[in-house]
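Peer 1: Provided below for reference: sequence and predicted model.
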Amino acid sequence: MTDLIEAPTTGELVELLRRMVLIRMFEEKAARLRSKGLVPGFLHPYIGQEAVAVGVAAALGPDDVLMSTHRGHGHLLGRGADPARMYAELFARSEGYNHGKGGSLHMIAPELGFLGANGIVGGGIPLATGAGLQLKRRGLGQVSVSYFGDGAANEGTFHESLNLASLFDLPVLYVVENNLYGEFTRINEHMRIADIADRAASYGMAGVSVDGNDVLAVREAAAVAVARARAGEGPTLLEAKTYRHRGHYEGDMCTYRPAGELEQWLEVDPIDLFTAALLGDGVLDEDGVAALRAEVDAQLDKAAEWAAEQPHPDPSEATTDVYVDTCGGEALR
Amino acid sequence: MTDLIEAPTTGELVELLRRMVLIRMFEEKAARLRSKGLVPGFLHPYIGQEAVAVGVAAALGPDDVLMSTHRGHGHLLGRGADPARMYAELFARSEGYNHGKGGSLHMIAPELGFLGANGIVGGGIPLATGAGLQLKRRGLGQVSVSYFGDGAANEGTFHESLNLASLFDLPVLYVVENNLYGEFTRINEHMRIADIADRAASYGMAGVSVDGNDVLAVREAAAVAVARARAGEGPTLLEAKTYRHRGHYEGDMCTYRPAGELEQWLEVDPIDLFTAALLGDGVLDEDGVAALRAEVDAQLDKAAEWAAEQPHPDPSEATTDVYVDTCGGEALR
Amino acid sequence: MTRYSYATAIREALREEMELDPEVFLLGEDIGKTNGSFGVTQGLYAQFGPERVWDTPISEAAIAGAAVGAALVGGRPVAEIMFGDFATLAMDQIVNQGAKIRYMTGGAMSAPVVVRMVTGAKGATAAQHSQSLESWFVHAPGVKVYAPSNARDAKGLMKTAIRDPDPVMFFEHKGLYETKVAAEFADSFDVEPIPAGVGRVLREGTDVTIVSYLKTVYFALEAAEQLAAEGISCEVFDPRTLVPFDRAGMGRSLARTGRLVVAHEAPLRGGFGAEIAAIAAQDFFGSLVAPIQRVGAKNTPIPYAPELENDVVPGTADIVAAVRAALA
Amino acid sequence: MTRYSYATAIREALREEMELDPEVFLLGEDIGKTNGSFGVTQGLYAQFGPERVWDTPISEAAIAGAAVGAALVGGRPVAEIMFGDFATLAMDQIVNQGAKIRYMTGGAMSAPVVVRMVTGAKGATAAQHSQSLESWFVHAPGVKVYAPSNARDAKGLMKTAIRDPDPVMFFEHKGLYETKVAAEFADSFDVEPIPAGVGRVLREGTDVTIVSYLKTVYFALEAAEQLAAEGISCEVFDPRTLVPFDRAGMGRSLARTGRLVVAHEAPLRGGFGAEIAAIAAQDFFGSLVAPIQRVGAKNTPIPYAPELENDVVPGTADIVAAVRAALA
Ligand SMILES: Cc1ncc(C[n+]2csc(CCOP(=O)(O)OP(=O)(O)O)c2C)c(N)n1
Ligand SMILES: Cc1ncc(C[n+]2csc(CCOP(=O)(O)OP(=O)(O)O)c2C)c(N)n1
Ligand SMILES: [Mg+2]
Ligand SMILES: [Mg+2]
């Protein structure tokens, strides 16, 4: 199986680290910018889960499509989205990805096949499934990725979508990021099973659990699933076991966590682990790591600066983009 | 396990047969009455599945509750509902169980804890789950039964409900009647697995498959599940493998069935099998069987006659029973 | 002269659009191999095969959501909700996803789906198989709402709906499926796409305007006919699409008549008739010389017994009474 | 003099009813151990324990359905839909099951549930967390619709809702949670159940009646205040419950003023304002001397950017303009 996917080159390894660092620093900065009042809406930080988005993205091709969640910044950046346009969207500016109409919960990057974050838990799963159906109809071997969380795996849409996808051998990769919590509820208080991948059996679908803090393991597992999907062998449910370091949203004090849990997970911080591995293998040295972090930091500073200079949308834009036209204006009043 | 449930007495065995025959003949007669124009709505005949409703009902106590489906006549009769009031409801008369407002799809028998058929596939599953939650709160050891079909097992409500029930150890018995079809679609064209009971694993719930044409096997499996539920050990997904002999609805020509399939299932007709067993064990002789059938036939003739004499609802009843009162009449216009 | 039924008209529109555009495909429960619960899609699976006509599991949220998702990447799906009542299971995918995608993405993406809503009471199918839910979608910015009353409009509007770059809720009254297209249109069945937002005066009159759509249009026409015998002249206006709604067309009619009756099968309270009445009471108040009369189903679920269903669902007599009230 | 917030008022109503009746219990996502997303249920888990306050999985259909099912066998559940927008996932259980059970069973059974709908725009939560969906439920015979605008009404109506033998959709505007009860009511916080269907005149006036509810009431009051400076006298009428709706109360006001403005936060098209306008244009046409003006959100999803949200959601200026139009 593993020879389905080539080992990453040195450059690719460094790029994996860079993307994880980019996500981490993007989120940290976003939180700071929000506390300065630049972000009017909520943030659901992805910090701690970076290996999932980056590992999965590394297994995809340029023509694949992705559908994300409320915790979508990492998925966007993993796919290569522009942090400047992302900040602009968080700041609700016209140059944001959604021209200020969407915000964090609805962010897109259509040129990357990134079809959207989603404010409805489980809401993106049928959409990714339908995209997979259309990609199958098209027959070019494209794959649709559906990201969602452990909590979302209890929504009816999860069930209906996976069943449908399996029935039709749709080229969909369902990535459930099991970060142990749905909001403030721990997984053992919202389901009675430990491995969400086991739910794949209900649909006669392949199900795999992987260490979600190991970017290479995620990349490999995703690549296997993507290859199956491209080959017409149907969807896979890939569970990535991970943890969110911050609260459910920025500002959540996490009073619901058992003592010591965060600390345990910090020991297996995906970025630390991978950095250590790259240092150990001599792919990077300490200076290289520092330089990479400094580069990312500078990039994000520039991105945020640019974003903060972008204009606010004009109130007249409030009524555009509802329908493709106004059907003669008055008629849609 | 099996000693959880006492072996049926001779009288009980005969009663099991009587109920199955009652269902069969009730449905056959209902179809004839419909073709005479007495039934304004649709019928979804239960013929072929009698062992399920009768076996499950035999495992319940008087304080348990049941929630059914569009194919609910068997469940009602299995629970001991009055065929006369059922016919009256099918005929849309005021003396029907729902006073003519519900018809086949919504039929109830509240004094038996029979909380209703349901026109929405999968619609009753959350309701039965909620009833189970309330029964657990009450703490008197009552059990809630949720009947549904193989097709309904693909609705989101199935998933959400079973997960919730398992999480809270609710006293619910989920009976999935796998009759191989959801409308005109064979199970292999609507899901990729053979045993729906396997889906229980997704919820950390007990799951059991049983021969749904063997009334004693159903009774026993249900009794085990009911005992677990009463003991606070949580819900069970009980799959009864069976077959509907008639169409999805009365009038369906079943063009979608593979040749020979019906014939195979007729060989294992639940009533024939059980009759043969009772004859073989000497519980009944041929005369006894004939007498039982004649009694049921006479009972149903009387029931249908009575029903046909009942008055049609008065049009003024159209606007009652929407709210408990009219909040001052005008206000609810 | 051949007449086409409303069901045939919808089928032919689907067929013609499927022939024109390979991205048009259908999905729904039992619509393919077994030809659809009401036969609307009959023969399309045989003609186009499983890549164009998908028989799905019983999973309405996934059906609607898969349609929206496919539309996001270039598909032009037409999803059937076998009984519109089951759209209650798909509201998030329709309203929170499909309807809002264009807006939430600042116009970058859109979901051109058609959702076929099989609607209305048709004889003792009771509370969960008889509803008319169009007014929910009127109140869901981002979707359009089409509601043809006859075969010709059904065909023309279905073609428009499929080509519409926005999501369309397409309401089909199941009590109309067997209705033949009105004779006046029957010379040819080639129907061009009919633009949304353009109503039609089905009968001209001078005393009262009756605005109605879907099956209730026929009761309005019957009422007009009955009242004509007494010298009361009713104009019957069918907006054909509810979103967009032909305000100007209604306004022209009200300028002539000064009196308005609105009539639909959905329950009165919160029905689309309220919106029509509100538009008239704001924009055309100056034309109105009498209270606006609304006709709709009683504010109850639909009962099983035919006597009760008849009482709940409005018919000709209710419209006649409303016209008289408007003239009182 | 202590003032109570709207959120506290709802919490105290829940607490008092839970103390009175052991069958009253709560269920919803994160409402218990962690005290609820908006803190409304704070402390109730600690006081009543897990048999009375159930933290559920993220499964809205099961939450609503479990509430209905529990009600069928004697429970008096209060379910929270954390953001009312997610009711799109529970429409079948609410509308096809809970709402219709009394009717479908000929009165033999009923589902006395309260569904708490956390509603409205409150600052950049965008299209899927800001909606006002009350008018869907107005159009769902079998449920009642409560919509209190202040702490006192919220408390009194929640008590009524819990005791109501019919299902109640209880709309709470999240932008009001921190609002303190108006001073006039603050001497005592013992609130009796407030009957459904009885509106209140919040401000008396003679020129125009403004009918409004939930948060928009405050913009109406502000508009009235501004216009008073110009000598325009507005009466502000808050129906408090939409189903049942206090027609007579509105009629009395219209008899005095002859002019009607309706205002709510939900999108204009198909909103409850249409129903109010339609009632007025039928039942009180004789009182009306001017076109009925409707104020509502623009017919768009709710945008993220505050500038856009402000433009879409109606405020004081929109009501002032509508009053002027009514007087023009
Ligand atoms: C349908 C729906 N229900 C509830 C919510 C509120 N909510 C937002 S995020 C969230 C938790 C989701 O948990 P999970 O799927 O595990 O994703 P995570 O937040 O852990 O990434 C909840 C309940 C929502 N947005 N949509
Ligand atoms: C939500 C919903 N979708 C579709 C239907 C139409 N329908 C009625 S029965 C049925 C098939 C149900 O199959 P299954 O659950 O296996 O039950 P069976 O008919 O075999 O007893 C369908 C699709 C419905 N009533 N409700
Ligand atoms: Mg999670
Ligand atoms: Mg079946």
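Peer 2: Cool, got the structure. Numbering: from 1, shown residues only, chains lettered A, B, ... in the order given. Ligands and ions are numbered 1, 2, ... in the order given.
Peer 1: pretty sure residue A:233 is touching residue A:169, no?
Peer 2: Yes. In this structure, residue A:233 is within contact of residue A:169 by CB atoms under 8 Å, at 6.9 Å. Backbone N, C-alpha and C define where each C-beta goes, glycine included.
Peer 1: more crowded one of these two?
Peer 2: Neighbour count, other CB atoms under 10 Å in any protein chain shown: between residue A:233 and residue A:169, residue A:169 has more, with 18 against 13.
Peer 1: what kind of secondary structure is that one in?
Peer 2: Following DSSP: H, G, I helix; E, B strand; the rest coil, we place residue A:169 in the coil state.
Peer 1: so the closest residue to it other than its chain neighbours, which of the three states?
Peer 2: Distances taken as CB to CB, 6 or more residues apart in numbering or on different chains place residue A:234 nearest to residue A:169, at 3.9 Å, with adjacent residues excluded. Recorded secondary structure, residue A:234: coil (three-state DSSP).
Peer 1: residue A:234 and residue A:170 touch, don't they?
Peer 2: Yes. Judged on CB under 8 Å, residue A:234 makes contact with residue A:170 at a distance of 6.9 Å.
Peer 1: the two: who's more crowded?
Peer 2: More crowded of residue A:234 and residue A:170, by other CB under 10 Å: residue A:170, with 27 against 23.
Peer 1: ok, residue A:25 touching residue A:297?
Peer 2: Yes. Contact criterion CB under 8 Å: residue A:25 and residue A:297 qualify, at 6.1 Å.
Peer 1: quick check: which element contains residue 66?
Peer 2: As the question left the chain open, I've gone with chain A. Assessed by DSSP states H and E, residue A:66 sits inside strand A:65-67.
Peer 1: that was the other one, I meant chain C.
Peer 2: Using DSSP H and E, residue C:66 falls within helix C:60-72.
Peer 1: just confirm yes or no for that helix near ligand 1.
Peer 2: No. Residues of helix C:60-72 are not located near ligand 1 by CB under 6 Å from any ligand atom, the shortest gap being 11.4 Å.
Peer 1: I'd like the next helix or strand past that helix.
Peer 2: Next along the chain after helix C:60-72, taking DSSP H and E as the criterion, comes strand C:76-81.
Peer 1: neighbouring contacts of that next one?
Peer 2: Strand C:76-81 is contacted from outside by A:130, C:14, C:21, C:23-29, C:31, C:36, C:40-41, C:60, C:63-64, C:66-67, C:70-71, C:87, C:90, C:112-118, C:162, using CB atoms under 8 Å, 6 or more residues apart in numbering or on different chains.
Peer 1: rerun at 6 Å
Peer 2: If you take CB atoms under 6 Å, 6 or more residues apart in numbering or on different chains as the criterion, strand C:76-81 is touched by C:23-28, C:31, C:63-64, C:67, C:70-71, C:87, C:112-117.
Peer 1: name the strands paired with it and say parallel or antiparallel.
Peer 2: strand C:24-28 (parallel), strand C:114-119 (parallel) (DSSP bridges).
Peer 1: deepest-packed of these, please.
Peer 2: Most buried of these, by mean neighbour count (mean count of other CB atoms under 10 Å in any protein chain shown): strand C:114-119, with a mean of 28.
Peer 1: centre of the chain to the longest helix along chain A, how far?
Peer 2: Among the segments of chain A that qualify as a helix by DSSP state H, the longest is helix A:10-35. Centroid separation for helix A:10-35 versus its chain: 13 Å, with CA atoms, centre = their mean, to the nearest Å.
Peer 1: buried stuff in it?
Peer 2: A:13-14, A:16-27, A:29-31, A:33-34 (16 or more other CB atoms under 10 Å in any protein chain shown).
Peer 1: below-threshold pLDDT in the stretch 1-150 of chain C: ranges please.
Peer 2: C:1-2 (pLDDT under 70).
Peer 1: just the helices in it please.
Peer 2: Assigned by DSSP state H, counting those that start in this stretch, the stretch 1-150 of chain C shows helices spanning C:6-20, C:44-48, C:60-72, C:91, C:101-104, C:134-138.
Peer 1: so what touches the shortest one?
Peer 2: This means helix C:91. D:88, D:91.
Peer 1: does it reach ligand 1?
Peer 2: No. Legend: contact between helix C:91 and ligand 1 by CB under 6 Å from any ligand atom is lacking; minimum distance shown is 11.6 Å.
Peer 1: how about that helix and ligand 2, any contact?
Peer 2: No. Remark: helix C:91 sits outside contact range of ligand 2, by CB under 6 Å from any ligand atom, the gap being at least 12.7 Å.
Peer 1: quick check on the residue nearest the centre of chain C: phi, psi?
Peer 2: Compute the mean C-alpha point of chain C, and by CA atoms, centre = their mean the closest residue is residue C:147, 1.8 Å away. The phi/psi pair for residue C:147 (degrees, to the nearest 10) reads phi -150, psi 70.
Peer 1: go ahead and confirm it touches residue C:171.
Peer 2: Yes. Using CB atoms under 6 Å, residue C:147 is in contact with residue C:171, at 4.4 Å.
Peer 1: what about the strand holding residue A:66, near ligand 1?
Peer 2: No. Against ligand 1, strand A:65-67 shows no contacts by CB under 6 Å from any ligand atom, the least distance being 13.7 Å.
Peer 1: who touches that strand?
Peer 2: Residues contacting strand A:65-67 (CB under 6 Å, 6+ apart): A:79, A:113-115, A:124, A:127-128, A:131, A:144-146.
Peer 1: can you rerun that using 8 Å?
Peer 2: Against strand A:65-67 from outside (CB under 8 Å, 6+ apart): A:57, A:60, A:75, A:79, A:112-116, A:118, A:124-125, A:127-128, A:131, A:135, A:142-147, C:69, C:73.
Peer 1: that one: how far from the chain's middle?
Peer 2: Going by CA atoms, centre = their mean, where strand A:65-67 is centred and where its chain is centred differ by 9 Å.
Peer 1: quick one: name whatever helix or strand follows that strand.
Peer 2: Heading C-terminal from strand A:65-67, the first helix or strand you meet, by DSSP H and E, is helix A:73-78.
Peer 1: using PDB, list the CA coordinates for that following helix.
Peer 2: Below are the C-alpha coordinates for helix A:73-78, written out as PDB (Å, rounded to 0.1, in the frame of the first residue of the first chain):
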ATOM      1  CA  HIS A  73      -8.500  28.200   8.500                       C
ATOM      2  CA  GLY A  74      -6.100  25.300   8.700                       C
ATOM      3  CA  HIS A  75      -7.800  23.500   5.800                       C
ATOM      4  CA  LEU A  76      -7.600  26.700   3.700                       C
ATOM      5  CA  LEU A  77      -3.900  27.300   4.500                       C
ATOM      6  CA  GLY A  78      -3.100  23.700   4.100                       C
END
